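Colleague: Just the structure for this:
(chains A and B)
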There are 2 protein chains.
Amino acid sequence: MKVVLEGGTKEVKTVWMEGETVKLIDQRLLPDEFKIFSAESVEEVAFAIEDMVVRGAPAIGATAAYGMAQAKMLGRKMDVAASILKDTRPTAHDLFHAVDHMERAIQEGKDPVKAADEYARDITSRCKKIGLNGDKLIKDGDKILTHCNAGALATVDFGTALAPIRAAHRSGKEVFVWVDETRPRCQGAMLTSWELLQEGVPHAIIADNAAGYYMRKGEVNLAIVGADRIAANGDVANKIGTYEKAVVAKENGIPFYVAAPASTFDFSLSDGDQIPIEERNPDEVLFVRGKRIAPKDAEARNPAFDVTPSKYITGYITEKGTLSSEKLIILSE
Amino acid sequence: MKVVLEGGTKEVKTVWMEGETVKLIDQRLLPDEFKIFSAESVEEVAFAIEDMVVRGAPAIGATAAYGMAQAKMLGRKMDVAASILKDTRPTAHDLFHAVDHMERAIQEGKDPVKAADEYARDITSRCKKIGLNGDKLIKDGDKILTHCNAGALATVDFGTALAPIRAAHRSGKEVFVWVDETRPRCQGAMLTSWELLQEGVPHAIIADNAAGYYMRKGEVNLAIVGADRIAANGDVANKIGTYEKAVVAKENGIPFYVAAPASTFDFSLSDGDQIPIEERNPDEVLFVRGKRIAPKDAEARNPAFDVTPSKYITGYITEKGTLSSEKLIILSE
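Modeller: The predicted model follows:
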């Protein structure tokens, strides 16, 4: 992805490996500071996933792949490393997919770093295809709603939901993006807006509450979001709030697309209610950037994801084309 | 309303008059500090409304009534005072209702302070009736969703949406409240939670994004919100996000009620799309309690209210009973 640094522009990936170190853009510090986080052990890679140095299902997958490669290089037991990595966050399917993939590759005697690099390159190439496939859905002048960050930062490069927007912008279409701030962690305001600024895509941040207002006013033509896990029937687990946006989009006749690579689909689950939903620390709701926004004794609840039933989803933008829920099965092949 | 102060409990109103001073709970400082704001002129009363020392349609109405009384006492021109007060916030109907009411009362030779006191007492008595009427809709064990603050702080005492909850709690019913934090200004997290804590009502603050999650999970039995202005056909302007909650509630078969006194109804408007919607400073989205949550160059949009069409509203809890949209006309009599 493009990153504007001291006047110049640099191409940076979300995660990569240097020697025995897993390197990550530290997303906890964005948009204020652009810094690289170095993980020297599988425990530090697990910490990076858990503490959200890195987030977004495909990026978590790539990070876990590098974590497995690093563990192998450092002589750690593969089953222990796999279990430490899988124990970080329960919802993103890519995490489990990547760890299993790396265990198989290493068992088959493949070079671990090459296998992880291949996994990461593969995600990037799938995201590029998602961009090209999604670009076909975008018309000149479209106003597009997105929720959370499903950009380059959430993948390895390019993004899922942001890939079509990036492609449309680069191909010269005028697009405008409504960026849901995405409480509680504000990944929309902090990360999606940051990525769109690097890329020069016009956009406005809105409170999550305002998305429906603009939909009803006819100022949203299209909604595109990412996914953390998609069940066989097309039900989607994604950032909390996605469900509300999808229901309101349907009510207003606005096409609502989910952009995700095959690795996010979990064909072992028949529907979305089987997807485990992570409940995170209530302090993420009670504090914003270290400032308490509630009375001292107040309590909060903090589910990180919700499930959007497939009936609200117009289509799935994948590396194999934009599919209806009935056609998703081709991704399992 | 009950306020817990240094161990003891005191009864305090949101706004009242002492001599020639209009006194207000400074809601900008809650929940951290409980302080009283003194307005010595109509300009200071207008500032209090504009800067949201006081907010909530009925409370804005009462404050404007006291502002008119004060202006009369200080020998200000009534038409000038009326125009200064009306020029503060465009959406709340009670503001215009209260100023017009006071102009008439003063023209008729009534004592200005007595007239304003009567106006404020009248709101309180209507809110109490709203509480008793709404209590009938609440069953023991109900989990109730509310958005923004439509409590005692938004009225003079007791509240509109919170009045039924308060009445149910005081009558011994077990109720639990899901409190939408209500970005961008977080009146749910800051004010509703504070009021419920004073009253001892069990509740949890959630990100606005999580309301749909709990609705779909069957953990919300009932939704009650307030209103800033209601058109003749029952369309409701209320805090941004209300529309989304109402659509998702309907989708999940959850009754969605609006609680408001007659002064909030504007029978001069045939539908909600005629209600002017205030767009506030984008910094309310970009900053939370003084901390920026977005990149330096990012832009934001900040509509403060949205319109919920009457088809999403189960009923209107008023001082004259809980009415369907067809029956609202009795409030104009």
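Colleague: those strands in the stretch 151-300 of chain A, which residues are they?
Modeller: Listed in chain order, the strands found in the stretch 151-300 of chain A under DSSP state E, counting those that start in this stretch are A:176-180, A:203-206, A:222-225, A:229-231, A:236-239, A:256-259, A:265-266, A:287-288, A:291-292.
Colleague: Okay, A:K291 and chain B: tell me how far apart.
Modeller: 4 Å (CB to the nearest CB, to the nearest Å). Every C-beta, even on glycine, is put in place using the N, C-alpha and C of the backbone.
Colleague: likewise A:T155?
Modeller: The gap separating A:T155 from chain B is 20 Å, by CB to the nearest CB.
Colleague: before we move on, what about A:G131?
Modeller: 22 Å.
Colleague: Which secondary structure elements does the host helix or strand of that residue sit against?
Modeller: When secondary structure is defined by DSSP states H and E, A:G131 falls within helix A:112-135. Counting contacts by 3 or more CB pairs under 8 Å, 6 or more residues apart in numbering or on different chains; DSSP states H and E, helix A:112-135 is packed against strand A:15-18, helix A:57-73, helix A:93-107, helix A:162-170, strand A:256-259, strand A:315-318, strand A:321-323.
Colleague: Does anything pack onto the fourth one? Which helices or strands?
Modeller: Spelled out, it's helix A:162-170. Short answer (3+ CB pairs under 8 Å, 6+ apart): helix A:162-170 packs on helix A:112-135, strand A:143-146, helix A:193-199.
Colleague: chain center to it: distance?
Modeller: 16 Å (CA atoms, centre = their mean, to the nearest Å).
Colleague: For that helix, which residues meet the burial criterion?
Modeller: Buried residues in helix A:162-170, counting neighbours by 16 or more other CB atoms under 10 Å in any protein chain shown, are found at A:162-169.
Colleague: Nearest residue to A:P261 in space, please, no chain neighbours.
Modeller: A:R126 (4.0 Å; CB to CB, 6 or more residues apart in numbering or on different chains).
Colleague: do A:A294 as well
Modeller: A:A294's closest residue in space is B:A189 (CB to CB, 6+ apart), at 4.3 Å.
Colleague: just checking, that neighbour touches B:V179?
Modeller: Yes: contact status for B:A189 versus B:V179: in contact at 7.0 Å, counting by CB atoms under 8 Å.
Colleague: Could you measure from A:E18 over to B:M73?
Modeller: As defined by CB to CB, to the nearest Å, A:E18 lies at a distance of 75 Å from B:M73.
Colleague: neighbour-wise, which of the two wins?
Modeller: Between A:E18 and B:M73, B:M73 has the larger neighbour count (other CB atoms under 10 Å in any protein chain shown), namely 14 against 9.
Colleague: What's the local residue count around the residue nearest to A:E33 when sequence neighbours are not counted?
Modeller: Spatial nearest neighbour of A:E33, excluding adjacent residues (CB to CB, 6+ apart): A:D26 at 7.8 Å. If you count neighbours by other CB under 10 Å, A:D26 ends up with 18.
Colleague: next one: A:W178
Modeller: 22.
Colleague: ditto for A:K311
Modeller: When neighbours are counted by other CB under 10 Å, A:K311 comes out with 12.
Colleague: ok, now the one 4 residues further on?
Modeller: Under the neighbour criterion other CB under 10 Å, A:G315 is assigned a count of 20.
Colleague: Tell me who's in contact with it.
Modeller: Residues in contact with A:G315 (CB atoms under 8 Å, 6 or more residues apart in numbering or on different chains) are A:255, A:257-258, A:322-324.
Colleague: Walk me through the domains of chain A.
Modeller: A:2-124, A:135-332 (automatic domain parsing).
Colleague: measure the longest one end to end?
Modeller: Distance across domain A:135-332, first residue to last, is 24 Å (CA to CA, to the nearest Å).
Colleague: can you check stretch A:183-195 too?
Modeller: OK, stretch A:183-195 end separation, CA to CA: 18 Å.
Colleague: now swap in stretch A:268-281 and tell me
Modeller: 29 Å.
Colleague: Could you give the separation of that stretch from the chain centroid?
Modeller: 16 Å.
Colleague: now stretch A:156-170
Modeller: Using CA atoms, centre = their mean, the offset of stretch A:156-170 from its chain centre is 12 Å.
Colleague: if I read this right, A:Y243 contacts A:F305, doesn't it?
Modeller: No: counting by CB under 8 Å, A:Y243 sits too far from A:F305 to count as a contact (9.4 Å).
Colleague: dump the residue contacts of A:A211.
Modeller: So A:A211 contacts A:145, A:147, A:178, A:180, A:220, A:245, A:248, B:244 (CB under 8 Å, 6+ apart).
Colleague: Next, format the strands of the stretch 151-300 of chain A as CSV and append distance to B:I205 and mean pLDDT.
Modeller: Below are these laid out as CSV (distance: least, CB to CB, whole Å; pLDDT from 0 to 100):
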stretch, distance to B:I205, mean pLDDT
strand A:176-180, 19, 98
strand A:203-206, 21, 98
strand A:222-225, 24, 98
strand A:229-231, 27, 97
strand A:236-239, 18, 97
strand A:256-259, 28, 98
strand A:265-266, 32, 96
strand A:287-288, 11, 95
strand A:291-292, 11, 94
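Colleague: Can you check which of those gets nearest to A:G8?
Modeller: Nearest to A:G8, of all the strands of the stretch 151-300 of chain A, is strand A:203-206, at 22.8 Å by CB to CB.
Colleague: Now A:V22: phi and psi?
Modeller: phi -90, psi 120 (degrees, to the nearest 10).
Colleague: try the one 5 residues further on
Modeller: Geometry field for A:Q27 lists phi and psi as phi -70, psi -10, criterion degrees, to the nearest 10.
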